[in-house]
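S.K.: no FASTA, just this:
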């Protein structure tokens, strides 16, 4: 059993643990499992011998995530259509500059970029660049030499910096795009939206083989706007629209007869144009959508 102090220690660490696990796994349900497994190990550990409980908890959680990540990759081989990370709802209103920067690492584009890294590159980058863990501690967590750990972070950082996905678009620009996107769907016209999309805009939907969804990503403004005004204009009539903060940016939640049936989020370039539209339709990834206490 945990006494009050040990229980508070874990509770205080939980938002960071959940944030780390979610970024590594791209799945909130798997992240929650990793945090729960970490709690069980903490409860059963000889806590008197643990000099730095937050660091110990981070190590245990990271290692569990890497185990789950290997299993997740095997399962995704048979995934129907495009796979997107599970969306989370997290308010970005009135956040400090530091927290806004932290929230930017929850964006879909960033999480998808992490998918291109090796598991250890992903963990090392997140621990050092996002959660500010020193190299020596990361090396111990990953059971590698510190020099190897530095190389993992360096390679990951080079790939992520080259992709230019950490750029934060001003809220006003995000709101403008969201309004134009809704007008395009509900009104069937893209007059306001067209100039806010990059020429190489990509639209990706994730239905998981459970609901109707595109099986391949659409490329280019012509294909994307045609799909919005001809298909979604028809399919999404009667849906209720709600502006929410999804994965560190403005997005939309759509309901039908009270049930969440889709979320939409975006990625932007440095000019403020949308480069990606992400539509989540997989009901398994929508069933637990709600405001999260996550760092």
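M.R.: Yep, it's here. Model, not experiment: these values are computed from the prediction.

S.K.: and the protein, what are its domains?
M.R.: Residue ranges for the domains of the chain, per automatic domain parsing: 4-163, 171-286.

S.K.: what's the spacing between the last one and its chain's center?
M.R.: Spelled out, that is domain 171-286. Here domain 171-286 is found 16 Å from its chain centre; the criterion is C-alpha atoms, centre = their mean, to the nearest Å.

S.K.: likewise the first one?
M.R.: Taking C-alpha atoms, centre = their mean, the mean C-alpha location of domain 4-163 is offset from the chain mean by 12 Å.

S.K.: which non-adjacent residue is nearest the residue sitting nearest the centre point of the chain?
M.R.: Residue closest to the mean C-alpha point of the chain, counted by C-alpha atoms, centre = their mean, is residue 106 at 4.3 Å. Spatial nearest neighbour of residue 106, excluding adjacent residues (C-beta to C-beta, 6 or more residues apart in numbering): residue 248 at 4.1 Å. Quick note: C-beta positions are derived from backbone N, CA and C, even for glycine.

S.K.: quick one: neighbours of the one you found, just the number.
M.R.: Neighbours of residue 248 under the rule other C-beta atoms under 10 Å: 23.

S.K.: give me the pLDDT value at it.
M.R.: At residue 248, the model reports a pLDDT of 86.

S.K.: correct me if wrong: it contacts residue 109.
M.R.: No. Under the criterion of C-beta atoms under 8 Å, residue 248 is not in contact with residue 109, lying 10.2 Å apart.

S.K.: hey, where'd the helices end up in the stretch 101-250 of the chain?
M.R.: With DSSP state H, counting those that start in this stretch applied, the stretch 101-250 of the chain shows helices at 108-114, 119-125, 135-142, 146-163, 171-187, 221-226, 233-235, listed in chain order.

S.K.: so for residue 243, which of those sits nearest?
M.R.: Closest approach to residue 243 among the helices of the stretch 101-250 of the chain (C-beta to C-beta): helix 171-187, 6.3 Å.

S.K.: report the rounded mean pLDDT for that closest one.
M.R.: 94.

S.K.: equivalent analysis for stretch 7-24, please.
M.R.: pLDDT averaged over stretch 7-24 gives 95.

S.K.: for stretch 179-196, which outside residues touch it?
M.R.: 176-177, 221, 225, 228-230, 232-233, 236-237, 241, 252, 264, 272-274, 277 (C-beta atoms under 8 Å, 6 or more residues apart in numbering).

S.K.: how about 10 Å then?
M.R.: 173, 176-178, 197, 201, 221-222, 224-226, 228-237, 239, 241, 243, 250-252, 254, 264, 266, 268, 271-274, 277 (C-beta atoms under 10 Å, 6 or more residues apart in numbering).

S.K.: likewise stretch 217-236?
M.R.: Outside stretch 217-236, the residues touching it (C-beta under 10 Å, 6+ apart) are 81-82, 181-182, 184-190, 193-194, 197-205, 212, 214, 239, 254, 256, 261-262, 264, 273-274, 276-279.

S.K.: at 8 Å instead, please
M.R.: With C-beta under 8 Å, 6+ apart as the criterion, stretch 217-236 contacts 82, 181, 184-190, 193-194, 197-204, 212, 214, 254, 262, 277.

S.K.: which of those residues are buried?
M.R.: For those, a burial check counting by 16 or more other C-beta atoms under 10 Å picks out 82, 181, 184-185, 189-190, 193, 197-198, 201-204, 214, 254, 262, 277.

S.K.: among those, which are in strands?
M.R.: 197-198, 201-204, 254, 262, 277 (DSSP state E).

S.K.: in JSON lines, list these along with pLDDT and distance to residue 285.
M.R.: Putting those into JSON lines (pLDDT from 0 to 100; distance: C-beta to C-beta, whole Å) gives the following:
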{"residue": "197", "pLDDT": "97", "distance to residue 285": "25"}
{"residue": "198", "pLDDT": "95", "distance to residue 285": "26"}
{"residue": "201", "pLDDT": "97", "distance to residue 285": "23"}
{"residue": "202", "pLDDT": "97", "distance to residue 285": "19"}
{"residue": "203", "pLDDT": "98", "distance to residue 285": "17"}
{"residue": "204", "pLDDT": "98", "distance to residue 285": "13"}
{"residue": "254", "pLDDT": "96", "distance to residue 285": "14"}
{"residue": "262", "pLDDT": "97", "distance to residue 285": "11"}
{"residue": "277", "pLDDT": "98", "distance to residue 285": "17"}
